[in-house]
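Colleague: need coordinates for the following:
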Amino acid sequence: MRFKFLIHAVSWSVLFLSGFSGLTAAAEPSANQELINLVRGLQEQMTQLKGTIEKQDAKIRQLEIRGPEIQMAQPSQTQGEVTPVPMSDYEFNQRLDAATGGAQKWLKDLKFSGDLRLRYEAFANHGTFSDPDRNRFRFRLRYGFEKGFGDQMKVGFSLASGEKVTNNGHNADPTSTNQTMGNLEDFKNIWIEKAYATYKPNWAEIGPISGLELTGGKFTNPFEKGSSDLIFDRDLKPEGAYETAKFKLLDTEDFDLESYFTAGQFILQEGSTVGTDAEMYGFQLGISPTVYVPWMDRPLNFFGAVSYYDYSDFEKS
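Modeller: Residues are numbered from 1 along each chain as shown. Next up is the predicted model:
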């Protein structure tokens with residue numbers, strides 16, 4: 001009985017395996033078809049995804065090209081308004097560099113200046129025949145710039161209007177930049193008012209010396225602060241060179257004391273023969289004490305200066 005049972009068990013196992021293999025053989029074609037369909041579906045999705053990526057790449061390239069023209073914006077708190085998003089310094093510099101081609105680096109530390117003034121002048125001479133009453137309209141136009149190269153060097157120039165003078169041999173009046181209207185509406189003159197270079201070395205700031213300035217060319221009068229209109233006209237722009245040293249003598253909580261010394265070498269007239277050159281050598285020593293008063297909003301500042309001017313060979317020019 002035991003042997004028969006084993007034979008029946010083996011026969012049932014063979015039948016079961018043969019049936020399973022038949023089912024596997026029958027299911028194999030449908031499984032392959034599902035796998036093929038799955039692969040095809042993935043291929044279609046990859047194709048669509050590739051096309052989407054290509055379109056996005058094209059839009060990104062267009063945005064990069066139009067970048068400087070685009071200003072991002074975000075909705076503001078109020079309805080219907082759009083507030084621009086503030087850009088960073090890096091983004092601003094990148095856009096400025098793209099717009100100017102790198103020229104903004106030269107614009108650093110560049111200062112422009114200028115002004116226009118219109119004036120009416122009335123001369124009441126009581127109607128005398130030799131000196132009648134007069135009405136005069138005038139204007140003043142000035143324009144210039146100053147360019148810094150670090151904190152030690154700067155150069156500058158300016159242009160200005162002015163009268164043309166012919167009776168004393170000069171091209172223009174050096175003490176006035178006013179231009180009178182008239183003369184049959186002819187074109188007016190523009191002159192070089194200033195052209196200079198200034199050097200302020202950091203290495204000179206030693207001990208009580210708080211600064212040193214060396215300037216050459218045609219410049220603002222360095223003696224103007226310690227003088228009056230009786231000595232120098234405010235429109236006068238000397239030519240030559242000057243040196244100014246500033247000193248910090250005292251620096252306390254209630255009292256400061258500063259001083260300066262200026263030496264100038266001005267060219268008055270250049271002659272074509274020996275001994276006909278005329279120069280002026282000037283020296284000025286100034287002192288400025290400052291007193292801090294507790295009950296006053298601003299400190300009290302005082303100033304005084306002593307000057308000496310030596311004109312060399314001026315009578316020969």
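Colleague: was I right to think L116 contacts L141?
Modeller: Yes - L116 is within contact range of L141, at 5.4 Å (criterion: CB atoms under 8 Å). Where you see a C-beta, it was placed from the backbone N, CA and C, and this is true even at glycine.
Colleague: the more surrounded of these two?
Modeller: Legend: neighbour count by other CB atoms under 10 Å for L116 and L141, higher for L141 (17 against 10).
Colleague: helix, strand or coil for that one?
Modeller: Under DSSP: H, G, I helix; E, B strand; the rest coil, L141 falls in the strand class.
Colleague: now it. Nearest residue, chain neighbours left out?
Modeller: S161 (4.5 Å; CB to CB, 6 or more residues apart in numbering).
Colleague: isn't Q179 right up against A172?
Modeller: No - applying CB under 8 Å as the test, Q179 and A172 come out as separate, 9.9 Å apart.
Colleague: give me the common contacts of these two.
Modeller: Common contact partners of Q179 and A172 (CB atoms under 8 Å, 6 or more residues apart in numbering): G162, E163, N189.
Colleague: touching, the first one and W191? I think so.
Modeller: Yes - the pair G162 and W191 passes the contact test of CB under 8 Å, sitting 5.1 Å apart.
Colleague: okay, and the common contacts of these two?
Modeller: Contacts common to G162 and W191, judged by CB under 8 Å, 6+ apart, are A172.
Colleague: who has more neighbours, those two?
Modeller: When G162 and W191 are compared for neighbours, G162 comes out ahead with 24 against 17, by other CB under 10 Å.
Colleague: phi, psi of that one?
Modeller: phi 170, psi 160 (degrees, to the nearest 10).
Colleague: now it: how far from F112?
Modeller: 20 Å (CB to CB, to the nearest Å).
Colleague: kindly report the same for L300.
Modeller: To F112, L300 is 35 Å away according to CB to CB.
Colleague: again, but for K188
Modeller: Taking CB to CB, one finds K188 at 22 Å from F112.
Colleague: likewise A122?
Modeller: A122 is 34 Å from F112, by CB to CB.
Colleague: elements contacting the host helix or strand of E258?
Modeller: Secondary structure from DSSP states H and E places E258 in strand 255-269. Strand 255-269 is packed against strand 239-251, strand 278-291, with contacts defined by 3 or more CB pairs under 8 Å, 6 or more residues apart in numbering; DSSP states H and E.
Colleague: tally of neighbours for Q43?
Modeller: By other CB under 10 Å, the burial measure for Q43, its neighbour count, is 10.
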